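> here you go, sequence then predicted model.
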Amino acid sequence: MADNNQDPLFGNKLAAAALTAALLFVGLPILVYTFSGGAHHGGHHGDEHHDEANPLGLAYPIEFSFDASAVAAEPEIDLGTLLANATAQRGERSAAICRSCHTFEQGGANGTGPNLHGIVGKQVASVAGFAYSGALQEFGGVWTYERLDAYLENSSSYIPGTSMAQRIRKDEKRADILAYLQSQGSMNVPFPAPAPMEPVVIETEEGDLEAIPTE
């Protein structure tokens with residue numbers, strides 16, 4: 001009996017045998033599937049039929065699944081927390097584009113849009129001398145931070161029929177603009193309180209659960 005350690009090609013032969021076995025394992029089901037009528041042409045030339053669930057024609061197709069719910073969604077930050085971290089200085093810069101239609105100082109003139117001094121807490125469509133759209137007149141109520149935030153995010157969607165078309169997608173940018181609006185005659189209207197943070201629950205060495213409040 002020959003000693004395998006004396007054969008310099010023993011390792012190569014072993015690898016070739018393993019590769020041959022792997023090719024037979026993968027390729028044999030394909031050949032069986034093909035010659036048994038699993039693959040065919042139909043319709044026009046070149047119109048080869050493929051099963052969308054089994055595009056390679058495997059006798060034992062491999063199935064993959066993906067659970068989208070396993071992907072962690074980015075937590076939504078409430079308006080109170082956004083406003084607590086907003087600044088009127090950044091908001092003034094962000095609101096520069098609004099100055100093409102609005103003024104913000106007390107007694108400022110109406111332009112394409114109404115003067116916005118003291119807008120937070122003011123009755124909707126109530127600035128004297130400005131011709132509001134019917135949609136805003138019917139909207140009614142007062143301007144709150146929540147309402148203004150939704151209006152700045154997508155005015156046409158929030159109040160269909162409004163003459164103002166405005167979309168500010170970034171939450172932090174809208175919060176800064178709201179902070180600037182507060183500084184322009186609405187300092188008496190406080191920001192909504194940030195939502196309380198859920199306590200962190202940890203397990204002690206004794207196995208008990210203990211809730212630690214977060215700031």
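Yep, it's here.
> now the strands for the chain?
With DSSP state E as the criterion, the chain has strands at 200-203, 209-212.
> need the least confident one among these, by mean pLDDT.
By mean pLDDT, the lowest-scoring of the strands of the chain turns out to be strand 209-212, with a mean of 56.
> pretty sure Thr81 contacts Pro196?
No: Thr81 is not in contact with Pro196 according to Cβ atoms under 8 Å; the separation is 10.1 Å. Where you see a C-beta, it was placed from the backbone N, CA and C, and this is true even at glycine.
> looking at these two, which one has more neighbours?
Per other Cβ atoms under 10 Å, whichever of Thr81 and Pro196 has more neighbours is Thr81, with 17 against 10.
> neighbours of the closest residue to the more buried one other than its chain neighbours, how many?
Nearest residue to Thr81 in three dimensions, chain neighbours excluded: Pro194, at 4.1 Å (Cβ to Cβ, 6 or more residues apart in numbering). Here the count is done by other Cβ under 10 Å, and Pro194 has 15 residues near it.
> also Thr87?
When neighbours are counted by other Cβ under 10 Å, Thr87 registers 13.
> wait, it sits on Ile177?
No: counting by Cβ under 8 Å, Ile177 is not a contact partner of Thr87; they are 10.7 Å apart.
> so what pLDDT did the residue lying closest to Met164 once chain neighbours are set aside get?
The shortest distance from Met164 to any residue other than its chain neighbours is 4.9 Å, reached at Ser155 (Cβ to Cβ, 6+ apart). At Ser155 the predicted local distance difference test score is 97.
> and Pro61, by the same measure?
At Pro61, the pLDDT value in this model is 56.
> thinking again about what came up before, what residues are up against the residue nearest to Met164?
If you count contacts by Cβ atoms under 8 Å, 6 or more residues apart in numbering, Ser155 has them with 162, 164-167.
> try it again at 7 Å.
Ser155 is in contact with 162, 164-166, counting by Cβ atoms under 7 Å, 6 or more residues apart in numbering.
> nearest to Gln123 among those residues?
Checking these against Gln123 by Cβ to Cβ gives Thr162 as the nearest, at 16.1 Å.
> does the closest one touch Gln137 like I think?
No: counting by Cβ atoms under 7 Å, Gln137 is not a contact partner of Thr162; they are 10.3 Å apart.
> okay, the two: which has more neighbours?
The neighbour comparison of Thr162 against Gln137 (other Cβ under 10 Å) goes to Thr162, with 18 against 12.
> how much space between the residue lying closest to the more buried one once chain neighbours are set aside and Arg90?
Ranked by Cβ to Cβ, 6+ apart and with sequence neighbours excluded, the top spatial neighbour of Thr162 is Ala135, at 4.8 Å. Here Ala135 is placed at a distance of 30 Å from Arg90 (Cβ to Cβ, to the nearest Å).
> now do the spatially closest residue to Gln123 that is not a sequence neighbour against Arg99, distance only.
Across the structure, with Cβ to Cβ, 6+ apart as the measure, the residue nearest Gln123 apart from its sequence neighbours is Val142 (5.5 Å). With distances taken as Cβ to Cβ, Val142 is found 24 Å from Arg99.
> give me the low-pLDDT residue ranges for the chain?
By pLDDT under 70, the low-scoring segments of the chain are 1-12, 14-15, 21-74, 199-215.
> how does it look with 80?
Within the chain, the set of residues satisfying pLDDT under 80 comprises 1-75, 198-215.
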